[in-house]
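Asks: build me a structure from this.
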Amino acid sequence: MEGWRSRLEGLDEEQVKLIEGGGLSQRFSRLPLHLSHPAFIGALYALLISLAISGPIGNAYGFGTGGGGWDPWPWLRDVGFRGLTMMLALALIAHMSLLINKVVLRPPISPPRTLLFSMPFIGFAILLLNWSSFESPVPELAGWFILVVPGPIYVHLSWAPRWRMLTMLEDGRNPFGAEEVKPATHEDEVELEEIVEALGTVDVLTD
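Replies: Numbering: from 1, shown residues only. Predicted coordinates for the structure are as follows:
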């Protein structure tokens, strides 16, 4: 992780902002690059969805089978199947987004945060209505779509392009197509200090 961070000094301010991204991307970028692979981020989003819907799914099962108490196995089987299926699907979609970005070389785009962050809650509410005794005017499939789609959108627009650029920096390549980016060294800092001191000496002699 320190490898690509040490090379940020070779870029200008706008390029650094583009690479670091917003708050969510900055949290992911603190992880080692092999752990923040877009496929893992997609699977993580699916895992969070699975944890969120585990309770409502249990309620849909009535938390039991008949009057003999609650049998957790049908509930765990359903939650586990849905969770693993979503994790695999979103991981594959995220990996496809990375492969596409390696071809088109598109820079990261900041998605509309208000819309993207509110969609999971809207989708979750639609699912709760469909799984409750109330009649929902919105079909369950629409709720699933609204709940799941923000993760792939974020990965495709923002994180997959950003992760590609981070790996290029890690390898010493410039993701903006210029010359090789080298990490700042102690010798560079010493030379910069010598230049500043020399300029100060010239100013004193001039005065």
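Asks: tell me what the lengthiest helix in the chain is packed against?
Replies: Longest helix of the chain, by residue count under DSSP state H: helix 72-104. In terms of contacts (3 or more C-beta pairs under 8 Å, 6 or more residues apart in numbering; DSSP states H and E), helix 72-104 is packed against helix 38-60, helix 150-154, helix 160-170. For glycine as for every other residue, the C-beta is placed from the backbone atoms N, C-alpha and C.
Asks: return the set of buried residues in that helix.
Replies: Judged by neighbour count (16 or more other C-beta atoms under 10 Å), helix 72-104 contains these buried residues: 75, 78-79, 82-83, 86-87, 90-91, 93-98, 101.
Asks: ditto for stretch 40-50
Replies: By neighbour count with 16+ other C-beta under 10 Å, stretch 40-50 contains the buried residues Phe40, Ile41, Gly42, Ala43, Leu44, Tyr45, Ala46, Ile49, Ser50.
Asks: now Ala125: closest residue in space that isn't a chain neighbour?
Replies: Gly143 (7.8 Å; C-beta to C-beta, 6 or more residues apart in numbering).
Asks: actually Gly83, sorry about that
Replies: By the measure of C-beta to C-beta, 6+ apart, the closest residue to Gly83 outside its immediate chain neighbours is Ser50, 3.2 Å from it.
Asks: for Pro137, see how far away that neighbour is.
Replies: Using C-beta to C-beta, to the nearest Å, one gets 26 Å for the distance from Ser50 to Pro137.
Asks: ok, the residue nearest to Gly83 to Met96 distance?
Replies: Using C-beta to C-beta, we find Ser50 at a distance of 21 Å from Met96.
Asks: also Phe81?
Replies: Separation of Phe81 from Met96 (C-beta to C-beta) stands at 23 Å.
Asks: with Val155 instead?
Replies: 10 Å.
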